[in-house]
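[1] Turn this into a model:
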Amino acid sequence: MALSPMDVTQFAAVDTARAARMLSEVRSARLSGGRAPVAPRPVIEQSWDRMLRGGVDPEHDCRSGLLSPEEVRRRRESSELRHVLPVLREALLSVADVAHHIMVVADDDGRVLWREGSAPVLRRADGLGFELGADWREEVVGTNGVGTPAVTRRPVQVFASEHFVRSQATWTCAGAPITDPRSGLLLGVVDVSGPLETMHPATLAWVDSVAKLAEARLRELHTQSLERLRAVAAPVLARLEGRALVADRDGWTAAVTGMPYLDRVVLPKSPEAGARWLPVLGACTVEPLAEGWLVRAAVEPVPQGATRIVLDLGQPRRWSVRVLGGAEDWARELSPRHAELLYLLAVHRGGRSAAELAEDMFGDPARTVTVRAEMSRVRRYLGAYLEHRPYRFCEDAELELLLPSDPHDLLPHSTAPAVADGRGSMGVP
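    Now for the predicted structure:
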């Protein structure tokens, strides 16, 4: 029976054992260079390619050391994911237990911080090394429902021998990334796993929906914290003259006076009270206020010298932009979408219109509304060094673009046609 890659999950729901045998044949053929009965799904094939390039052994289970109970507890207490555990438990656990699944929540390092559900399945998970404190990054244990969604930044279901490492072939898992709605950065992954015979084609959509509920809860909590800070800020700002704002510790603005409203101001990672230089505002004084910062702009802007901008895309999951020069150096981690946009502007120094960026990113020049909205967010922190009509880096700024040594690691989450072309120009066939 010839199947396309997209038929695998539906086929598995009808005949689990046969689907598992077929996928075992696909895996064996792919690893030996032989002819497979069906092509792996693209997301699985791309993951297998990463494993082969990275030297992961498909025949031997390789595990790194477990975190100590004290370190697991410390990570739990510092993780934003702790705020959404009630949402995850309520939406996943009752069904998971009946379906002989477990719920696993891992942080952005792939470390398992919470693990709950069916007791017999938990015992089976122990045998796979799916334990509290375990490291389930893709580059450590191969294609799986925790590490692979963290790399691709999208929901992924991994069934039977779609796992790269043979010892995991009796398992099925569906994981979805949870991102910080304030920054777009990865917080971790929620995964529902169990024996392969418990696989259901709707599991992935279910887990993805719950991950989105968790992100909505984080947005709600953030809005509430800004409202509390705004109540403290209002009487303080009412007594001030000139430009000033109050922002939370992540730079999100609660209130302003004497200036247009900014959604966010770029603060140093560890801001301290005193004189600072901040993008957009220039010279400022910064002082703590409740759970945030009071930022007062100087009367006269500080002139900037020659500026060097470093766009660092060299790490598979950690992208940043650094501005060097002027009154003070600063850096900012980038969300996947902002990393894509700045990469495109870096390789097109002459500039790109909104329609051209839409074509570059989506293959559709009509999607200019999305592009303009994202570029508006980029300009909130990099606006002093970007021009528009067309969008481009300022001519007097020195730009350095740092790329990964392996072309496959260039924004691996991205499906943008122009990014794919960039990988090709670096040597990807």
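
[2] those helices in the stretch 201-350 of the chain, which residues are they?
    203-238, 336-347 (DSSP state H, counting those that start in this stretch).

[3] Kindly reformat those as TSV containing mean pLDDT.
    Shown next, in TSV, are these (pLDDT from 0 to 100):
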stretch	mean pLDDT
helix 203-238	94
helix 336-347	93
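
[4] Would you reformat those as CSV and include mean neighbour count and distance to residue 182?
    Backbone N, C-alpha and C define where each C-beta goes, glycine included. As requested, the helices of the stretch 201-350 of the chain are exported to CSV (neighbours: other Cβ atoms under 10 Å; distance: least, Cβ to Cβ, whole Å):
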stretch, mean neighbour count, distance to residue 182
helix 203-238, 17, 6
helix 336-347, 21, 13
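
[5] With distance to residue 391 added, can I get the ones you listed in CSV?
    CSV is the format used below for the helices of the stretch 201-350 of the chain (distance: least, Cβ to Cβ, whole Å):
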stretch, distance to residue 391
helix 203-238, 27
helix 336-347, 6
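
[6] out of those helices, nearest to residue 54?
    Evaluated over the helices of the stretch 201-350 of the chain, closeness to residue 54 peaks at helix 336-347, with 20.7 Å, by Cβ to Cβ.

[7] What's the first helix or strand after the closest one?
    Tracing the chain past helix 336-347, the next element assigned as helix or strand by DSSP states H and E is helix 354-362.

[8] what's in contact with that next one?
    Contacts to helix 354-362, defined as Cβ atoms under 8 Å, 6 or more residues apart in numbering, come from residues 340-341, 344, 348, 352, 364-368, 370-372, 375, 390-391, 416-418.

[9] okay, and for the protein, where does confidence drop off?
    1-15, 299-306, 326-329, 427-429 (pLDDT under 70).

[10] Dead centre of it: give me the residue that sits there.
    The centre of the chain sits closest to residue 186, judged by Cα atoms, centre = their mean, with a distance of 3.4 Å.

[11] can you pull the contacts of the residue lying closest to it once chain neighbours are set aside?
    Closest residue to residue 186 apart from its sequence neighbours, by Cβ to Cβ, 6 or more residues apart in numbering: residue 108 at 4.6 Å. Residue 108 is in contact with 150, 185, 186, 187, 188, 317, counting by Cβ under 8 Å, 6+ apart.

[12] Same check on residue 377?
    263, 338.

[13] Residue 224 versus that one, what's the distance?
    22 Å (Cβ to Cβ, to the nearest Å).

[14] hang on, the earlier thing: so the residue nearest to residue 186 versus residue 242, what's the distance?
    40 Å.

[15] ok, now residue 323?
    25 Å.

[16] try residue 390
    35 Å.

[17] who has more neighbours, the two?
    In terms of neighbours (other Cβ atoms under 10 Å), residue 390 is the more surrounded of residue 390 and residue 242; the figures are 15 against 11.

[18] Grab the nearest non-local neighbour of the more buried one.
    residue 351 (3.4 Å).

[19] What about that neighbour, how many residues nearby?
    Around residue 351 there are 17 residues (other Cβ under 10 Å).

[20] ok, it to residue 392 distance?
    From residue 351 to residue 392 the distance is 3 Å (Cβ to Cβ).

[21] Likewise for residue 112?
    44 Å.

[22] Could you check which of those two is surrounded by more residues?
    Taking other Cβ under 10 Å, residue 112 and residue 392 do not tie; residue 112 has more neighbours (25 against 16).

[23] quick one: that one is in a strand?
    Yes. When classified by DSSP: H, G, I helix; E, B strand; the rest coil, residue 112 is found to be part of a strand.

[24] shouldn't it be in contact with residue 132?
    Yes. Counting by Cβ atoms under 8 Å, residue 112 touches residue 132, with 5.6 Å between them.

[25] Pull out the buried residues from stretch 372-382.
    374, 375, 377, 378, 379, 380, 381, 382 (16 or more other Cβ atoms under 10 Å).

[26] Who does residue 171 form a beta bridge with?
    residue 195 (DSSP bridges).

[27] Could you give the number of residues near it?
    As a burial measure, residue 171 scores 23 neighbours (other Cβ under 10 Å).

[28] thought it was touching residue 196?
    Yes. Counting by Cβ under 8 Å, residue 171 touches residue 196, with 6.1 Å between them.

[29] Now list whatever residues contact both of those two.
    residue 160.

[30] if we can go back for a sec, now do the shared contacts for residue 351 and residue 392.
    residue 345.

[31] Let me see the ranges of the helices in the stretch 51-200 of the chain.
    Under DSSP H, counting those that start in this stretch, the stretch 51-200 of the chain gives helices at 69-78, 85-88, 94-98, 119-128, 138-141, 147-152.

[32] Could you list the buried residues of the second one?
    For helix 85-88, a neighbour-count test (16+ other Cβ under 10 Å) marks 85, 87, 88 as buried.

[33] can you pull the contacts of residue 295?
    244, 245, 246, 247, 265, 278, 281, 284, 285, 286.

[34] Restricted to strands, list those residues.
    Under the assignment DSSP state E, the contacts of residue 295 contribute 244, 245, 246, 247, 278, 284, 285, 286 to strands.

[35] Out of those, who's the most crowded?
    Sorting the ones in strands among the contacts of residue 295 by how many neighbours each has (other Cβ under 10 Å) puts residue 247 first, at 27 neighbours.

[36] Now do it against residue 402, distance only.
    Where residue 402 is concerned, residue 247 sits at a distance of 29 Å (Cβ to Cβ).

[37] correct me, but the residue nearest to residue 390 touches residue 394?
    No. Contact criterion Cβ under 8 Å: residue 351 and residue 394 do not qualify, at 10.7 Å.

[38] Return every residue with contacts to both of those two.
    In contact with both residue 351 and residue 394: residue 387, using Cβ under 8 Å, 6+ apart.
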